[in-house]
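1. Could you work out the structure for the sequence below:
(chains A and B)
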2 protein chains.
Amino acid sequence: MPLPETLRAQLADRFGNRFSQGESIRLQHGRDESVHDPELPDGVVFAESTEDVSDAVRLCASHDTPIIAYGAGSSVEGHLLAVHGGISLDLSGLNQVHSIHAEDLDATVQAGVTRKQLNDALKGTGLFFPIDPGADASLGGMAATRASGTNAVRYGTMRDNVMAMTVVLADGRIIRCGSRAKKSSAGYDLTRLLVGSEGTLGIITELTVRLYPIPEAISAAVCSFPSVDAAVNTVIQTIQIGIPVARIELLDPLTITAVNRHSKTTLPERPTLFFEFHGSSASVEEQAQFVQEIASEVGGEHFEWATRPEDRSRLWQARHDAYFACLQMKPGCKAFPTDVCVPISRLAECIQETNRDMAQVSIPIMLFGHVGDGNFHLVVLVDPDNAKDMKEAEWINERVVERALSMEGTCTGEHGIGLGKKKFMLREHGEGAIDVMRALKTALDPNNLLNPGKILP
Amino acid sequence: MPLPETLRAQLADRFGNRFSQGESIRLQHGRDESVHDPELPDGVVFAESTEDVSDAVRLCASHDTPIIAYGAGSSVEGHLLAVHGGISLDLSGLNQVHSIHAEDLDATVQAGVTRKQLNDALKGTGLFFPIDPGADASLGGMAATRASGTNAVRYGTMRDNVMAMTVVLADGRIIRCGSRAKKSSAGYDLTRLLVGSEGTLGIITELTVRLYPIPEAISAAVCSFPSVDAAVNTVIQTIQIGIPVARIELLDPLTITAVNRHSKTTLPERPTLFFEFHGSSASVEEQAQFVQEIASEVGGEHFEWATRPEDRSRLWQARHDAYFACLQMKPGCKAFPTDVCVPISRLAECIQETNRDMAQVSIPIMLFGHVGDGNFHLVVLVDPDNAKDMKEAEWINERVVERALSMEGTCTGEHGIGLGKKKFMLREHGEGAIDVMRALKTALDPNNLLNPGKILP
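-> Model prediction:
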């Protein structure tokens, strides 16, 4: 599907050397961090402003050419792959932090600003932006995939933390949605409709996000358990008595093995919870004490806690490095990620049944996750060229998704649908809801030009 | 616009005496708590199940007859008025609490269940549902108008607290959206699109809402200030240092006069903040101390705080009764409500400028609101039959809305658009966003049968 000659000329004319058809640039924009095979766009435009995005979309639209928004390239479900060709619109040049309103706890940034860049810009304000999906993703990309991560149990996901956006529609028009008011009931919630729409309904070019005060005190704790059940019960009780825990992460024994090897730690190779508490000094101490009591009642051991930054990061290092530690368990492999989320009352059962599946395959699989939200990942280590590996990984993924759905959960807690999860959409939402999603897509992008082939089955 | 004879026969056949065309029932369903003149529906159907709703919608749709969902009738912007005739669909008979999942902190209820009914059903679980718009509204209606209230600063609005829904579409089809997973990035967020859509995109018949642990301790505080500025600064600092305050309400001097008269209290007639803190015993004490320090630095006086339930309710009684106390300042009057929300950094300025407008009219106006969110109301007391009163009220409302919008706020923080705020939609959202809302409405309700004439200008 080569680009129409006129469009090529128009893009070259409008964007000069910010329009490229070079092989390596196209390859870089036609793959993601996942096991999906690359699918190259026909060209890449490097946008630096909302007007650039609007013009690029308008030009592409006039030639029926698809447009795929590209942030930091850190998505994992094939979101960026140019399965219908077209132009990849690289938004990393939209990298300005427009304003920080410290009194209002919000900041307005361009879509290419990454979460670390925003947090750097916030230094000295006493505020931070908490959403942390692991990768240093762009905030526009995080909004587009409704990202979250370890802090979500306390601070919510991108759904909860985007207040307003500037969006380019499929015909190039620019709209604003939302406002800087903390709440509003003024009409349809376009912001929430666009958050998580993966560039298929509009392209986010600017967003206003919520900020939070850096807590006066932060403490961390680690505790190991005789069983996943005991660990999950600790999580349930912690949340149920209202301890405002900021992070609760579960690592399974094989993940602990991986981190012990990678980080030279000596953690017991058992189901392990990592906690982080935010609050006043007195409050974080009280929170840690409560949790220790709950944990020890169900057999939790080796409870360690720390408030000094260096001790905290020592404790949390294992968790931070878990993904890379896992990858090193099978050098040269790739990770096939799963991402289910279930009501927390079903979590232990979901993990136990998944463990039984894991025992039936030969590939190494580690399990860890954001258990405060009922969300966990399997890191399934595969050689993408090995058919048996891929078949086993697919089987495990389908099993865990079917299980999560049968437990009133979701096929993806935070990674999004992209290409990889499309086949589960009908099962998760039912025909009626999928029809509604299709109707919305047709209403906003009648010619199917915005990231076509994604989300909808 | 009388109902088509065939439709009348079909509704009578399907619903028996749950279909009525009696004058008093139609009147009861054709007015709300506001100053809008009644607009009667042509008939009322009392639904008791999702299937009832689906059948009623299907029958009406086959005769191009509008359908207006009716919950508890407590909305205030003319949401329920049958401006294009049609059938009012009374959902109060959908009054079952289906399930309470204490471990998962969620409950699934039918749309007609009221918030008090849900909280009664939660007795003994240690959990509560926090959203409190004042009236004992139905949860379906609260979702449909994206309601919130005094607790929103801590617990969010209906936007944040509806996890899943069963919805009847304009053609009678029944869909499910969302799930009981705490988070998901599986496709378009239909739940959030429908929350706040005021019955114009679909009719909510069932919903799953989030619950919260009843805090171990609750404390309340009241403090009066030399100026609105001082009070608002206290709020800003409280939030900015991360005190997880559960409620912060501002009452202006005239509101205090009204409550002193009504509740026989002797509060100083000055700008006054009411606080509520939730947490452990130690934590609420610490929170109250922090806030007292902040308040006294800006001249806050008469700081009273209480933890025992009877003392707390004595302190908060004034706030709870404020609306009724205000109404009694002009016997026989009605309240013309305003409902703007602005970034909190602009709040003091917004209130001061509004005070200057208030000085220019003859009708009594009280100001109070959920200042932690930047949301405040004017209770403008009018005789709806007095043209001068209504003209002054309209003028005040337009002034405060224009001011809020110029400060990056919204024309409605929690009441919704209905009929009353339609004229501000274009100014708030701009043409592009309104076009998108229209496209969504057309996609989901092509014949404009669901609550026609509301939200969209």
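2. how about the helices in the stretch 251-400 of chain A?
-> Read by DSSP state H, counting those that start in this stretch, the stretch 251-400 of chain A holds these helices, from start to end of the chain: A:253-263, A:281-297, A:309-320, A:322-327, A:347-358, A:387-406.
3. Pull out the buried residues from the first one.
-> In other words, helix A:253-263. For helix A:253-263, burial by neighbour count (16 or more other Cβ atoms under 10 Å in any protein chain shown) applies to A:253-260, A:262-263. For glycine as for every other residue, the C-beta is placed from the backbone atoms N, C-alpha and C.
4. And for the longest one?
-> Going by neighbour count (16+ other Cβ under 10 Å), the buried part of helix A:387-406 is A:389-390, A:392-393, A:396-397, A:399-401, A:403-405.
5. And the residues you listed, which two are furthest apart?
-> Farthest apart among the buried residues of helix A:387-406 by Cβ to Cβ are A:389 and A:405. That separation is 24.6 Å.
6. would you list every one of the helices in the stretch 101-250 of chain A?
-> Defined through DSSP H, counting those that start in this stretch, the helices belonging to the stretch 101-250 of chain A, from first to last, are A:115-121, A:139-144, A:152-155, A:158-161, A:190-194, A:228-240.
7. hmm, the third one touching chain B?
-> Yes - applying Cβ under 8 Å from any Cβ of the partner chain, one finds that helix A:152-155 is in contact with chain B at residue A:152.
8. now for that helix, which elements pack on it?
-> Of the remaining helices and strands, those touching helix A:152-155 by 3 or more Cβ pairs under 8 Å, 6 or more residues apart in numbering or on different chains; DSSP states H and E are strand A:247-251.
9. ok, now the second one?
-> Contacts defined by 3+ Cβ pairs under 8 Å, 6+ apart place helix A:139-144 against strand A:67-70, helix A:115-121, strand A:203-210.
10. Please list all residues in contact with residue A:213.
-> Residue A:213 makes contact with A:105, A:126-127, B:239-242, according to Cβ atoms under 8 Å, 6 or more residues apart in numbering or on different chains.
11. One more pass at 6 Å, please.
-> B:240-242 (Cβ atoms under 6 Å, 6 or more residues apart in numbering or on different chains).
12. State the number of residues packed around the closest residue to it other than its chain neighbours.
-> Of all residues not flanking residue A:213 in the chain, residue B:242 sits nearest, at 3.7 Å (Cβ to Cβ, 6 or more residues apart in numbering or on different chains). Residue B:242 is flanked by 19 other residues according to other Cβ atoms under 10 Å in any protein chain shown.
13. Dihedrals phi and psi, the most centrally placed residue in chain A?
-> Centre of chain A computed as the mean C-alpha position; nearest residue by Cα atoms, centre = their mean is residue A:147, 3.4 Å away. Main-chain torsions, residue A:147, degrees, to the nearest 10: phi -70, psi 160.
14. which residues does it contact?
-> With contact taken as Cβ under 6 Å, 6+ apart, residue A:147 is in contact with A:133, A:158, A:414.
15. Please enumerate residues in contact with the lowest-mean-pLDDT helix or strand in chain A?
-> The element with the least model confidence among the helices and strands of chain A, by mean pLDDT, DSSP states H and E, is helix A:309-320, at a mean of 87. With contact meaning Cβ under 6 Å, 6+ apart, helix A:309-320 is reached by A:220, A:222, A:249, A:259, A:263, A:265, A:274, A:306.
16. Tell me the one among those residues nearest to residue B:426.
-> Looking across the contacts of helix A:309-320 and measuring by Cβ to Cβ, the closest to residue B:426 is residue A:249, at 46.6 Å.
17. If that closest one is in a bridge, with which residues?
-> Beta-bridge pairing for residue A:249 (DSSP bridges): residue A:274.
18. residue contacts, it?
-> When the contact criterion is Cβ under 6 Å, 6+ apart, the partners of residue A:249 are A:150, A:274, A:319.
19. let's see it at 8 Å
-> A:150, A:273-274, A:319, A:368-371.
20. what does residue A:421 give?
-> Residue A:421 makes contacts with A:77, A:401, A:411-412, A:415, B:186, as judged by Cβ under 8 Å, 6+ apart.
21. pLDDT and distance to residue B:21 for the residues you listed - can I get that in TSV?
-> As requested, the contacts of residue A:421 are exported to TSV (pLDDT from 0 to 100; distance: Cβ to Cβ, whole Å):
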residue	pLDDT	distance to residue B:21
A:77	95	54
A:401	98	50
A:411	98	48
A:412	98	49
A:415	97	53
B:186	98	44
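22. got the domain boundaries for chain A?
-> A:5-90, A:97-213, A:217-324, A:330-406 (automatic domain parsing).
23. quick one, which of the ones you listed is packed in tightest?
-> A comparison of the domains of chain A by mean neighbour count, using mean count of other Cβ atoms under 10 Å in any protein chain shown, puts domain A:97-213 on top with a mean of 23.
24. Now do the end-to-end distance for that domain.
-> Distances were taken as Cα to Cα, to the nearest Å; on that basis the terminal residues of domain A:97-213 are 18 Å apart.
25. cool, and stretch A:154-162?
-> From its first residue to its last, stretch A:154-162 covers 16 Å (Cα to Cα).
26. Other residues contacting it?
-> Here stretch A:154-162 makes contact (Cβ under 8 Å, 6+ apart) with A:129-131, A:142-143, A:145-148, A:178, A:191-192, A:195-196, A:207-210, A:212, A:244-247, A:278, A:414, B:156, B:160, B:183, B:185, B:189, B:192.
27. Apply 6 Å and report the result again.
-> Outside stretch A:154-162, the residues within contact range by Cβ under 6 Å, 6+ apart are A:130-131, A:142-143, A:146-148, A:191, A:195, A:207, A:209-210, A:246, B:183.
28. One more: stretch A:128-145?
-> Counting contacts by Cβ under 6 Å, 6+ apart, the residues outside stretch A:128-145 that touch it are A:71-72, A:74, A:91, A:109, A:111-114, A:116, A:118-119, A:122, A:147, A:149-151, A:155, A:158, A:161-162, A:195, A:198-199, A:204, A:207, A:211-212, A:214, A:416, B:185.
29. so where's the stretch 1-150 of chain A shaky on pLDDT?
-> Per-residue confidence of the stretch 1-150 of chain A (counting by pLDDT under 70) places the weak regions at A:1.
30. so where do the strands sit in it?
-> With strands called from DSSP state E, counting those that start in this stretch, the stretch 1-150 of chain A shows them at A:19-20, A:43-46, A:67-70, A:87-90, A:97-101, A:106-110, A:127-128.
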